[in-house]
Structures are given as C-alpha cells and as structure tokens.
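next one to model:
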Amino acid sequence: MSEKLTLARPDDWHVHFRDGDLMQSVVGATARQFGRAIVMPNLKPPVTTTELAGAYRGRILAALPAGSSFEPLMTLYLTDNTSPGEIAKAKASGFVKAVKYYPAGATTNSDSGVTDIRKCDAVLEAMAAHGMPLLLHGEVTDPEVDVFDREKVFIDKVLQPLERRFPKLRMVLEHITTSEAALFVSSAPANVAATITAHHLLMNRNALFAGGIRPHHYCLPVLKREQHRVALVKAAVSGNPRFFLGTDTAPHARAMKEACCGSAGMYTAHAALELYCEVFERENALDRLEGFASRFGPDFYGLPRNGATITLERQSWEVPAGYPFGAESVVPLRAGERLAWRFKG
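So this is what the prediction gives:
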C-alpha cells in the first residue's frame, strides 16, 4: 500500500473566491494546493467585462500569501447583453480564459444570468472564433422541472442543440451530477469536456438527510441518486481526458447555511486533493489521479502543464469544525471527521 503520492502540481478548474475579507480568508487554501484556478465571476455586481475581471484579478493577487506563485485564471459572466467586442478584449487581455453561462436564477448571485441562450448567438460565434471556452452551469430553471431532473433536461433542451449549432465552440459542462451528463460528455466531440467535484464523487442525495437536515451538504446542482454518483466515479477514474478536476468550492458563512433559507455550496478547498485521493484510492485508481488533476484540464484549455510537483502522504488527521471566513466562520466538508491522506506541499 502506497504511503506517499507525488503528482505534477494540479489545477482547479472551478472555484469561488468571493471578494473582500471573505476572499482573503479562503484564497490561500486553494493557492496552497493548486498552481492555477478558474475563478467564477458571480460576484455582486457580476464580473461582466474585461476591466472588471482585471480589477478582480488584482484583488486576488493582493490577497495571496507572500511568496505564492498561484495564478488566477479569470472568467466573464455571460449576460443577454454581452457583446462580441467584449470577447475580443477578453482574449487580448491574456488573463481572461473563459466565459461563464448561468441560467438566470440558477444558483448563488445568478440573477443577471442569461434568460435565453439564443440571445447570445453572436457572442458564442465570437467565442468560437477566438477559441474562448464556454463554461456551463448545466441546469434549467423552469419551476415545473423537478430539481433532480434539471441537469438532464438542460442537456436535452439546451446543450445538445447548442453543440450542434456551434460545433467549434469549446464547452465545459461544469460540476456534472448525473449519469446522463457523463454519457453525453463521453459521447460528444472533442470540444466538449466536464469538471467533477469531490463532493459529487463522495456523496449521494441521502447525505442531505443523514440524521436530519444537513445544510452543509446542500449545493447546486444538488446531490443525486447513488446510480449517478457511481457513474461520475466511473468517468473520473476512466482516464478519459474530457473529465477533469473542478472543486466548485463555494464558501458561505455558517449562519448563511444554517438558516431557514440556507445558501447552496460546499467548502472543500481546505482538503481538496485529500478528498479526491479518497475517491481514487477506493477505486484502486491512484495511478490515474494525476491525469484527472494535473494534465487533462490544461490540455483542454490549451495551457502548459505545471512543472512543479506536490506530495500527499498517508496520514490521518481531523478536519477542524470551522475555518475563519471574514468576521465569521465557514464549516468545511467533513468537519470533525478524519481523513486518511494529508497534503504536504
């Protein structure tokens, strides 16, 4: 049994850093383990222009621990009014690497999201021409569609037609949660990929109700049935280069989670690689973790792989009950529980 695991430094292709004091509390956790990360733009107000992305990037760099070499990869928030000219500016900036699609009202701070993807056709054509990937929160928001079916319906009604209309547009279906999503990506052309979170690999929807309502297990897209979790694990460990690591770490203050209308999101940056290690070890696939974590993402984005390495060791440790989050605290996934692997740097 291996006691140590060395990988090329991984990247995280989906993080939420928040802003201000909240960001200063969590950005170091991601920078500690990862070389780069795709930073989500759903702030208030959202990051809709290259200028706003540059300013946000500056705040992230200023919040990093001294000596950190971490590189934030910025995204723009797609709206009904985004212009093709903004895509050209974003590409020329060198620091904006993708554009994020949120259906209006789908998740945290998504009120400015797209109301109809066809309103964005001119922008999508510009993105395809500039090689700018489209990152998709893959859910419909029709209240008549069951919350557990919203990813499947999105694939059928939005993503499949979108892929046919824009065959040269690179797309990442983010934080996939269903067997249908895994099958779609596996069967799609090479311009389509997906990120998978550790929490969707580790838990099914029973985790929301284990011993009572578990607000810190509530995220969007919501956890699904066990059959879907199994399909995601199969995809993650398959070695298929269209599936790669994206934590979707999404911190909220404890009071915002433990509320009558709690916020959606799980905080996993504190132990991201340890959690993925657990999944891959269960499947006797630790030898495939490096591809999933360190190679496939940069290859899809057309970026060089990181040259440095990181090490994890088999060492049991207890996850703290909480971490500072501005003036409050954030409850991490597996709070108070023990993990078998520990990041050593």
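
contacts, neighbours, all on C-alpha from now
Will do.

quick check: phi and psi at residue 26.
Per-residue torsions, residue 26: phi -120, psi -20 (degrees, to the nearest 10).

that one: what's it in contact with?
17, 269, 325 (C-alpha atoms under 8 Å, 6 or more residues apart in numbering).

quick one: these as a markdown table, columns for distance to residue 28, neighbour count and secondary structure too.
Shown next, in a markdown table, are the contacts of residue 26 (distance: C-alpha to C-alpha, whole Å; neighbours: other C-alpha atoms under 10 Å; DSSP: H, G, I helix; E, B strand; the rest coil):
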| residue | distance to residue 28 | neighbour count | secondary structure |
| --- | --- | --- | --- |
| 17 | 10 | 24 | coil |
| 269 | 9 | 28 | helix |
| 325 | 12 | 19 | strand |
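
against residue 66, how distant is the closest residue to residue 65 other than its chain neighbours?
Leaving aside its sequence neighbours, residue 65 sits nearest to residue 28 (C-alpha to C-alpha, 6 or more residues apart in numbering; 6.2 Å). Look at residue 28 and residue 66: by C-alpha to C-alpha, to the nearest Å, they are 10 Å apart.

residue 131 is in contact with residue 191, isn't it?
No. In this structure residue 131 lies outside contact range of residue 191 using C-alpha atoms under 8 Å: 10.4 Å.

near the residue nearest to residue 65, how many other residues are there?
The number of residues packed near residue 28 is 21, by other C-alpha atoms under 10 Å.

pretty sure it is in a helix, no?
Yes. Remark: residue 28 belongs to a helix, assigned using DSSP: H, G, I helix; E, B strand; the rest coil.

any idea how far residue 68 is from it?
In terms of C-alpha to C-alpha, residue 28 sits 9 Å off from residue 68.

swap in residue 187?
39 Å.

again, but for residue 303
Distance of residue 303 to residue 68, computed by C-alpha to C-alpha: 20 Å.

residue 16 too?
With C-alpha to C-alpha as the criterion, residue 16 and residue 68 are 19 Å apart.

those two: who's more crowded?
Between residue 16 and residue 68, residue 16 has the larger neighbour count (other C-alpha under 10 Å), namely 23 against 12.

first to last residue in stretch 97-116, what's the distance?
Taking C-alpha to C-alpha, stretch 97-116 runs 23 Å from one end to the other.

average pLDDT for it?
For stretch 97-116, mean pLDDT rounds to 79.

any common contacting residues for residue 131 and residue 191?
169-170.

now stretch 4-11: buried residues?
5, 7-11 (16 or more other C-alpha atoms under 10 Å).

taking those residues one by one, which sit in helices?
Judged by DSSP state H, the buried residues of stretch 4-11 include no members of helices.

in JSON lines, list those along with pLDDT and distance to residue 55.
Converted to JSON lines, the buried residues of stretch 4-11 look like this (pLDDT from 0 to 100; distance: C-alpha to C-alpha, whole Å):
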{"residue": "5", "pLDDT": "97", "distance to residue 55": "37"}
{"residue": "7", "pLDDT": "98", "distance to residue 55": "32"}
{"residue": "8", "pLDDT": "98", "distance to residue 55": "30"}
{"residue": "9", "pLDDT": "98", "distance to residue 55": "26"}
{"residue": "10", "pLDDT": "98", "distance to residue 55": "25"}
{"residue": "11", "pLDDT": "98", "distance to residue 55": "22"}
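
secondary structure element for residue 97, which one?
strand 96-101 (DSSP states H and E).

that strand: partners in the sheet, and parallel or antiparallel?
strand 71-77 (parallel), strand 134-136 (parallel) (DSSP bridges).

ok, which stretches of the stretch 101-250 of the chain are helices?
Using DSSP state H, counting those that start in this stretch, the helices assigned to the stretch 101-250 of the chain run over residues 121-130, 150-154, 160-165, 179-187, 198-202, 226-236.

hmm, who's touching the first one?
Contacts of helix 121-130 from elsewhere in the structure, counted by C-alpha under 8 Å, 6+ apart, are 82-84, 87-88, 91, 133-134, 166, 168-170.

go again with 7 Å.
82-84, 87, 91, 133, 168-169 (C-alpha atoms under 7 Å, 6 or more residues apart in numbering).

what of the longest one?
Surrounding helix 226-236, the residues in contact under the criterion C-alpha under 7 Å, 6+ apart are 177-179, 182, 200-201, 203-204, 243, 292.

go with 8 Å
Residues beyond helix 226-236 that count as contacts (C-alpha under 8 Å, 6+ apart) turn out to be 176-179, 182, 196, 200-205, 243-244, 279, 292.

for those residues, pick the one with the most neighbours.
Using other C-alpha under 10 Å as the neighbour criterion, residue 244 leads those with 33 neighbours.
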